[in-house]
Every structure is written in structure tokens, then in C-alpha cells.
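Novice: from the sequence below, what's the structure:
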Amino acid sequence: MSEKNKIGAKVKLVRENRKLSIEDVSERTNLSVAQIESIENGNFVPSLTPLIKLARVLGVRLGTFMDDDENLGPVFTKAQDKKEVTRFSDRGNAVSSDLDFYTLAQNKAGRHMDPFIIDIFPSSEEEVKLSTHEGEEFLYCLEGEVEVKYGKDTYVLQVGDSIYYESIVAHHVHSHGNEKAKILAVVYTPV
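Specialist: Residues are numbered from 1 along each chain as shown. Model (predicted):
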């Protein structure tokens, strides 16, 4: 991926608006200064978990990092409208993504939920790293098969299957097998 991740600029902007140093944020999130710098400079594809930690510490929704303009009325998204993609990876210093997020309500002001269509690519990682964060997630499988590791349990979602869970329990979402999958995800992260 040659283009820099735009999410890092938003993280930096919010952090600077809160008048917090990278060291302050590092201490409050338990993320290293190097991790925060690599997210902010946009050279690597970030993992979702550190972004959720950053959003929590900075007092914003996860979706704030992906938003452009905010709208007080309803947000109507046509299927053919070009959607911005935000890429995530669970691999350190990744330059390609495991998850491509297409936000469905990026212009909605004051929202409490973040709806996404997510393309899930087969991971090159043998060992998945479970993550935890506050909030809830709802996933609905649109294409392929998705494996959700949740605590000590594993669920395989096929087209039409869904799962709703508390995000505080260690979890990981990835494609099942070697095929790409697609899900509708609604994420609630308390501010």
C-alpha cells in the first residue's frame, strides 16, 4: 500500500487538541511511544485495539478517527456511493491490511454506534492475538466464512449468521480458511 494511512493524522490532531503529549497518551493507554508515533505518522496499517484505546483516552468515538464532516440529520448512504476505506492489521509494522473498514455513517454527528462493512482477508499469521476493549459488537456475515474467537470459544459464521458480544472479553475476528469474507459490523464504544 503506497498511500499513507489517513487515520494517523486524525489521531494526532485529536491528541494535540487535547493538549496531550505522546508520552501522556502512552502512559494512559499502555501503548509504547513508538506504537503511537507509528500510528500518527501513517506509515503502517494500525491494529484496531490500540485505536480503541486511543479513542477512549482521548474521549472520542472510534469513528471520530474516520470522520470528515458531521451531520445532525440522518445519514443516507447509497450502495453506489464511493466509500472511504480504512485499513487495519494485527501484525506488527504491517504494510498490507487484514481488515478493510468501509464506514456507513461517517457524517453522522453524535452517534453512539459505528456501522461498517468490513472485508476480511486471510491472515498470514499462524497465531492470532486476542484483543479486549470496552463496548459491544454485532457482526453479520455477508460473504464467505468468518471465525470469531471469543474467550475460550470459537464460532464460525456463514452467510446470514450473526453474533453479538461484549468486547471486554478477549476476542479476534478473521476469515475462516483461505478465502476473503465480508461482514456488516456495528461497534459500540462508550466515550
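
Novice: neighbours of V14, how many?
Specialist: Using other C-beta atoms under 10 Å, V14 has 19 neighbouring residues. The way it works is simple: take the backbone N, C-alpha and C, and place the C-beta from them, glycine included.

Novice: for I168, same thing?
Specialist: Neighbour tally, I168, other C-beta under 10 Å: 11.

Novice: can you tell me the element it falls in?
Specialist: If you go by DSSP states H and E, I168 is not part of any helix or strand.

Novice: hang on, isn't it packed against E134?
Specialist: Yes. Between I168 and E134 there is a contact under C-beta atoms under 8 Å: 6.0 Å.

Novice: look up how far K78 lies from the residue nearest the centre of the chain.
Specialist: Centroid check for the chain by C-alpha atoms, centre = their mean gives L48 as the closest residue, at 4.1 Å. Applying C-beta to C-beta, to the nearest Å, the value for L48 to K78 is 27 Å.

Novice: S162 now?
Specialist: In terms of C-beta to C-beta, S162 sits 24 Å off from K78.

Novice: which parts of this structure are strands?
Specialist: Under the criterion DSSP state E, strands of the chain are mapped to 85-88, 99-103, 113-120, 136-143, 146-150, 153-157, 162-166, 171-175, 181-188.

Novice: can you list the strands that the last one pairs with?
Specialist: The strands beside strand 181-188 in its sheet (DSSP bridges) come out as strand 113-120 (antiparallel), strand 136-143 (antiparallel).

Novice: relative to strand 162-166, how tilted is it?
Specialist: Strand 181-188 runs at 40 degrees relative to strand 162-166, counting by axes from the mean of the first three to the mean of the last three C-alpha atoms, to 10 degrees.

Novice: what lies in contact with strand 181-188?
Specialist: For strand 181-188, the external contacting residues (C-beta atoms under 8 Å, 6 or more residues apart in numbering) are 62, 112-120, 135-146, 157, 167, 173, 175.

Novice: at 6 Å instead, please
Specialist: With C-beta atoms under 6 Å, 6 or more residues apart in numbering as the test, strand 181-188 has contacts from 113-120, 135-144, 146, 175.

Novice: neighbours of the nearest residue to T103 once chain neighbours are set aside, how many?
Specialist: Spatial nearest neighbour of T103, excluding adjacent residues (C-beta to C-beta, 6 or more residues apart in numbering): M66 at 5.1 Å. Using other C-beta under 10 Å, M66 is surrounded by 21 other residues.

Novice: cool, and G110?
Specialist: Residues near G110, counting by other C-beta under 10 Å: 8.

Novice: same thing with F101?
Specialist: 24.

Novice: need the pLDDT of it.
Specialist: Per-residue pLDDT puts F101 at 82.
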